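Undergrad: sequence first, predicted coordinates after that:
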Amino acid sequence: MNAPATIDAIHDLMVAKGGAADDIGKLSKGEFYFSTEGSLRPFKVRTPLCLSWHPPNPPPADEVIQKARSKRV
């Protein structure tokens with residue numbers, strides 16, 4: 001999201017949920033703000049590329065499991 005109108009709209013949503021997102025539009029690949037009904041405020045998360053890149057066809061389940069297991073710390 002790097003269009004000024006989109007950044008302003010997201011910023012307003014973040015403030016309404018109790019957060020601040022001054023870096024919207026500057027997040028690196030795989031970085032997102034995440035919020036659920038149970039969270040106090042949105043928080044930044046970083047996901048492995050396999051969870052944030054969308055190829056033309058989804059990978060099979062066994063490939064997703066293999067990639068997820070290889071990223072454990």
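TA: Yes, it's here. The structure displayed is predicted, hence computed values, not measured ones. Residues are numbered from 1 along each chain as shown.
Undergrad: helix/strand/coil for the spatially most central residue of the chain?
TA: Nearest to the geometric centre of the chain sits F32, at 2.5 Å (Cα atoms, centre = their mean). F32 carries the three-state label strand when classified by DSSP: H, G, I helix; E, B strand; the rest coil.
Undergrad: I'd guessed it sits against K44; true?
TA: Yes. Here F32 lies in contact with K44, judged by Cβ atoms under 8 Å, at a distance of 7.2 Å. For every residue, glycine as well, the C-beta is placed using N, CA and C.
Undergrad: separation between the residue in the chain sticking out farthest from the centre and A16?
TA: Relative to the average C-alpha location in the chain, and by Cα atoms, centre = their mean, no residue lies farther out than D62, which sits at 23.1 Å. Distance of D62 to A16, given as Cβ to Cβ, to the nearest Å: 41 Å.
Undergrad: avg pLDDT for the longest helix seen in the chain?
TA: The longest helix of the chain (DSSP state H) is helix 4-16. Helix 4-16 shows an average pLDDT of 85 in the prediction.
Undergrad: and G25, how far from T6?
TA: The gap separating G25 from T6 is 8 Å, by Cβ to Cβ.
Undergrad: what number of residues lie near E31?
TA: E31 is flanked by 13 other residues according to other Cβ atoms under 10 Å.
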